[in-house]
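Undergrad: build the 3D model from these lines:
(chains A and B)
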Number of protein chains: 2
Amino acid sequence: MATEKIDPWSSTQAFDYLRLFEQFGLSHISDELSAKANFHLIRRQVIFAHRDFDLWLKDALEGKPVAVMSGIKPSSEFHLGSKLTADEMIFFQKKFGAHVFYSIADLEAFADNNLSLEESFSFAVSNLADFLALGLDPKKSFVYLQSQEKRVMNMAYIFSKRATPALLTALYGQRNYSLYFAALTQVGDILLPQHRDFGGPKRTLVPVGIDQDPHIRFARDIAFKEKLLAPSAIYHKLMRGLRGEAKMSKRDASSVLSLSDSQEEAKRKLASTLTGGRATAEEQRKLGGQIENCVFYEIMRYHFLLDEHELEKMRQDCVSGAVLCGDCKACYSKKVLEWLAKHQEKKKKMLPLAKKLLKKD
Amino acid sequence: MATEKIDPWSSTQAFDYLRLFEQFGLSHISDELSAKANFHLIRRQVIFAHRDFDLWLKDALEGKPVAVMSGIKPSSEFHLGSKLTADEMIFFQKKFGAHVFYSIADLEAFADNNLSLEESFSFAVSNLADFLALGLDPKKSFVYLQSQEKRVMNMAYIFSKRATPALLTALYGQRNYSLYFAALTQVGDILLPQHRDFGGPKRTLVPVGIDQDPHIRFARDIAFKEKLLAPSAIYHKLMRGLRGEAKMSKRDASSVLSLSDSQEEAKRKLASTLTGGRATAEEQRKLGGQIENCVFYEIMRYHFLLDEHELEKMRQDCVSGAVLCGDCKACYSKKVLEWLAKHQEKKKKMLPLAKKLLKKD
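TA: Alright, predicted model coming up:
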């Protein structure tokens, strides 16, 4: 049987989500599990699959120490994709007391984007300030620069013994050595919460896009061999680019709404965001909008309409043909722009704290 | 043409030293270069080849900052093999003002020998105390534990981009990923003296056994791509095991004279060390000893008879048949045992300083 590979280094892969369950052993999120978590991103099926999330939640509900971890490459400003992951982490910190681990991958920024550690440091501060403004509790967080955290690299070094050529090829295909090196470093990041300095083995939840699943499987394999707990994961759908591209990509600024965009930039971007409009207004009034194509609706559903009734109203107004795209955008763009202005104000106040938290030794 | 590979992870390879010059581009040490260096280990052809040692010596003689670097895996006590490298480093520090960089590879000890960082730490302290007792000037040295030196791993991470599969296979053959990882870490060690924190690019001399040459070529290749100076190397012959094994191996304690051996142990080991004796005393008196087979002579030549006249007397007494192996050993073993007792006394006094220098942050 031909097997498919998920490629964490390609940002343009389109996924057949259903096939992922069969081929890679992801689990559906049951209604019971969803009810226990009570998270709008799960309810809305933005988060659509998991590995061992039930085990994580069980420990969390029993008051055992649990962690939630993720990371960011500090090569650009926070955009809606980075916000999605941040929102997930903050949710699990607030609602379930999870300790947050956040790896700022400045080495990766150096290797991939040729940013010196100094250049990426200013992005790191800005990214962390965004995270704090979104609601991260720094007292229950361990945020670190990859270049400054010896334990991650030491773990990567030690884990490298476990990374057989067969395993690496099965996970990633035949790739350049540097990609394996980066992957193993990420495994170090993912398993850091279980380092004895942080109290040893514990359930760790990693919220990721489905394209990152090979890293999760790699970390689970190593954890098993190292007698640690296999990390749990929840998978969110990849946000599309504003003009309907398969994935929102940092590399193409105009496909992305950045949390640092000025009001004017954001307004322009939202105005040109793909909708599900029909060929003519008349046709749309008759048939309703094609909401499944609408990136603008996706943005509201992922990020800015947290109330289910409001979201349902937006949907109804669209599919019934009652409100056309222009009016819809005018109304909800205002909401986004207001949120953005407020966020940027909060963020500004967080910059000194972010700098302090990342201060190099 | 079939090409030969040198394997840094095999300790039992026998070398055809002449072929190395042809196939791997090593340079002979000219009489002129030897005269400039004025080093008994070069004069005696223990050090028998080099790469760019002439360039290193030129910079050193012109008073430019130069470095000499090596490392040790802290999984056992110093033996005559580790002493050889240490002697070389101390020589270049004393005579040419080189700054010593010494990597104590505790991560490698963990990965290879399953020694925890705590277990290897006590070997690290003991190894460094030996080094200090041999004459290392700590004020002109940077000694570090691999697990504590972030810059090495950060460099390894960044260099991994340069390590194409073709290069890795050419240098090491198809190997497990962890060996590549360890190799890349060693490249980080070798190029650390050129890190901007240590003043940037400078000539760095690496005294090694010929079996380590793939790491040297790897580091030179990366240095070239990273716009650093290609490190220089001098190559010593591999010391044979006491009973004539191809290489003195830490893994076989009885093949090795350890600097921590008690007088009794050392005496017993020296007594059973291979010599070049003939089948009968009579034959030996007539034909002389086969000194080229004599490991005991090798030990004296590498380590304990620094005066050329004394060494020549030992040789003459042997090849002329004037002194038979028993008498020869009795005489010179005494010298070794005296040296050992004195060294152990000095070392004991160095232990607190060694511990202090390696104190973890």
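Undergrad: let me know the secondary structure of residue A:152.
TA: Classification of residue A:152 by DSSP: H, G, I helix; E, B strand; the rest coil places it in helix.
Undergrad: and it, how far is that from chain B?
TA: Separation of residue A:152 from chain B (CB to the nearest CB, to the nearest Å): 9 Å. (Glycine included, C-beta is placed from N, CA and C.)
Undergrad: the spatially closest residue to that residue that is not a sequence neighbour: how many residues sit nearby?
TA: In this structure, residue A:152 finds its nearest non-sequential neighbour in residue A:188, 4.0 Å apart by CB to CB, 6 or more residues apart in numbering or on different chains. Using other CB atoms under 10 Å in any protein chain shown, residue A:188 has 25 neighbouring residues.
Undergrad: likewise residue A:257?
TA: Residue A:257 is flanked by 24 other residues according to other CB under 10 Å.
Undergrad: that one reaches residue A:269, doesn't it?
TA: Yes: with contact defined as CB atoms under 8 Å, residue A:257 counts as touching residue A:269 (5.6 Å).
Undergrad: contact residues of chain A facing chain B?
TA: Contact residues (CB under 8 Å from any CB of the partner chain) of chain A with chain B: A:107, A:110-111, A:147-148, A:150, A:153-154, A:156-158, A:160-165, A:168, A:174, A:176-178, A:180-182, A:184-185.
Undergrad: out of the residues you listed, which sit inside helices?
TA: Residues of the residues of chain A next to chain B located in helices (DSSP state H): A:107, A:110-111, A:150, A:153-154, A:156-158, A:165, A:168, A:177-178, A:180-182, A:184-185.
Undergrad: so what sits against both of residue A:257 and residue A:269?
TA: Listed as contacting both residue A:257 and residue A:269 by CB atoms under 8 Å, 6 or more residues apart in numbering or on different chains are residue A:242.
Undergrad: related to what we said a few turns ago, any idea how far the residue nearest to residue A:152 is from residue A:195?
TA: 9 Å (CB to CB, to the nearest Å).
Undergrad: lowest-confidence helix or strand of chain A?
TA: helix A:17-24 (a mean of 67; mean pLDDT, DSSP states H and E).
Undergrad: now the element after that one, going C-ward?
TA: Next in sequence after helix A:17-24, counting helices and strands by DSSP states H and E, comes helix A:31-37.
Undergrad: so for that next one, mean pLDDT?
TA: Averaging pLDDT along helix A:31-37 gives 97.
Undergrad: list the contacts for the residue nearest to residue A:152?
TA: Contacts for residue A:188 (CB under 8 Å, 6+ apart) come out as A:151-156, A:159.
Undergrad: now do the helices in the stretch 51-200 of chain A.
TA: Along the stretch 51-200 of chain A, counting by DSSP state H, counting those that start in this stretch, helices occupy A:53-61, A:80-96, A:106-113, A:117-134, A:150-159, A:165-172, A:177-191.
Undergrad: mind checking pLDDT for residue A:103?
TA: So residue A:103 comes in at 97 (pLDDT).
Undergrad: my read is that it contacts residue A:152, right?
TA: Yes: between residue A:103 and residue A:152 there is a contact under CB under 8 Å: 7.2 Å.
Undergrad: can you list residues touching both of the two?
TA: A:144, A:146, A:189, A:192.
Undergrad: which one of those is nearest to chain B?
TA: Closest to chain B out of the shared contacts of residue A:103 and residue A:152 is residue A:146 (8.1 Å), distances taken as CB to the nearest CB.
Undergrad: hmm, residue A:102 and that closest one touching each other?
TA: No: applying CB under 8 Å, one finds residue A:146 not in contact with residue A:102, separated by 10.9 Å.
Undergrad: which one of the two has more residues nearby?
TA: The neighbour comparison of residue A:146 against residue A:102 (other CB under 10 Å) goes to residue A:146, with 30 against 22.
Undergrad: so what's the more buried one up against?
TA: A:71, A:103-108, A:152, A:185, A:189 are the contacts of residue A:146 under CB under 8 Å, 6+ apart.
Undergrad: dump the residues you listed to JSON lines, plus neighbour count and distance to residue A:288.
TA: JSON lines is the format used below for the contacts of residue A:146 (neighbours: other CB atoms under 10 Å in any protein chain shown; distance: CB to CB, whole Å):
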{"residue": "A:71", "neighbour count": "22", "distance to residue A:288": "41"}
{"residue": "A:103", "neighbour count": "25", "distance to residue A:288": "44"}
{"residue": "A:104", "neighbour count": "27", "distance to residue A:288": "44"}
{"residue": "A:105", "neighbour count": "25", "distance to residue A:288": "44"}
{"residue": "A:106", "neighbour count": "28", "distance to residue A:288": "48"}
{"residue": "A:107", "neighbour count": "28", "distance to residue A:288": "49"}
{"residue": "A:108", "neighbour count": "24", "distance to residue A:288": "44"}
{"residue": "A:152", "neighbour count": "26", "distance to residue A:288": "51"}
{"residue": "A:185", "neighbour count": "26", "distance to residue A:288": "48"}
{"residue": "A:189", "neighbour count": "26", "distance to residue A:288": "45"}
